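Visitor: fold the stuff below for me.
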Amino acid sequence: MEESFHFKLRGLVYEIVPEEDNTFTIFKMEEEYLLITKLNGKKWVRIDYKTDEPVIEENDEVEDFGAIIEKYMTS
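Guide: Residues are numbered from 1 along each chain as shown. Model prediction:
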């Protein structure tokens, strides 16, 4: 499993923590913020904390986080 990493986006500091099954926990300013995964290897989606199911919606912020994860993992 990869180690966590920090980055700045839109003036805020985030941390991405890799979890199991290609899932990532996002912390915003040291507070747990989102859980995301890449659905079918194509689209980044957030995971609903109550149902533990992917939420399929247009979400530019989640897509931005996904792009940052992909860039980090290929560098």
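Visitor: okay, and for the protein, where does confidence drop off?
Guide: Applying pLDDT under 70 to the chain flags the ranges 1.
Visitor: where's Ile56 relative to Glu3, distance?
Guide: 29 Å (CB to CB, to the nearest Å). For the C-beta atoms, the positions are set from N, CA and C on the backbone; glycine is no exception.
Visitor: kindly report the same for Met73.
Guide: 11 Å.
Visitor: who has more neighbours, the two?
Guide: Met73 (11 against 7; other CB atoms under 10 Å).
Visitor: which other helices and strands does the host helix or strand of that one contact?
Guide: Assigned by DSSP states H and E, Met73 falls within helix 60-74. For helix 60-74, the packing partners by 3 or more CB pairs under 8 Å, 6 or more residues apart in numbering; DSSP states H and E come out as strand 5-9, strand 12-18, strand 23-28, strand 31-39, strand 43-47.
Visitor: if we use 6 Å, what do you get?
Guide: Counting by 3 or more CB pairs under 6 Å, 6 or more residues apart in numbering; DSSP states H and E, the packing neighbours recorded for helix 60-74 are strand 43-47.
Visitor: by how many degrees do the strand it packs on and strand 23-28 diverge?
Guide: 70 degrees (axes from the mean of the first three to the mean of the last three CA atoms, to 10 degrees).
Visitor: quick one, strand 43-47 and strand 31-39 angle?
Guide: Using the same axes, to 10 degrees: strand 43-47 against strand 31-39 is 140 degrees.
Visitor: what pairs with strand 43-47, and is each one parallel or antiparallel?
Guide: Strand 43-47 pairs in its sheet with strand 31-39 (antiparallel), strand 54-55 (antiparallel), by DSSP bridges.
Visitor: make TSV out of those and add distance to Phe7 and mean neighbour count.
Guide: Converted to TSV, those look like this (distance: least, CB to CB, whole Å; neighbours: other CB atoms under 10 Å):
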stretch	distance to Phe7	mean neighbour count
strand 31-39	13	16
strand 54-55	23	16
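Visitor: would TSV of the ones you listed with distance to Phe24 be doable?
Guide: Listed next are those as TSV, based on distance: least, CB to CB, whole Å:
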stretch	distance to Phe24
strand 31-39	5
strand 54-55	13
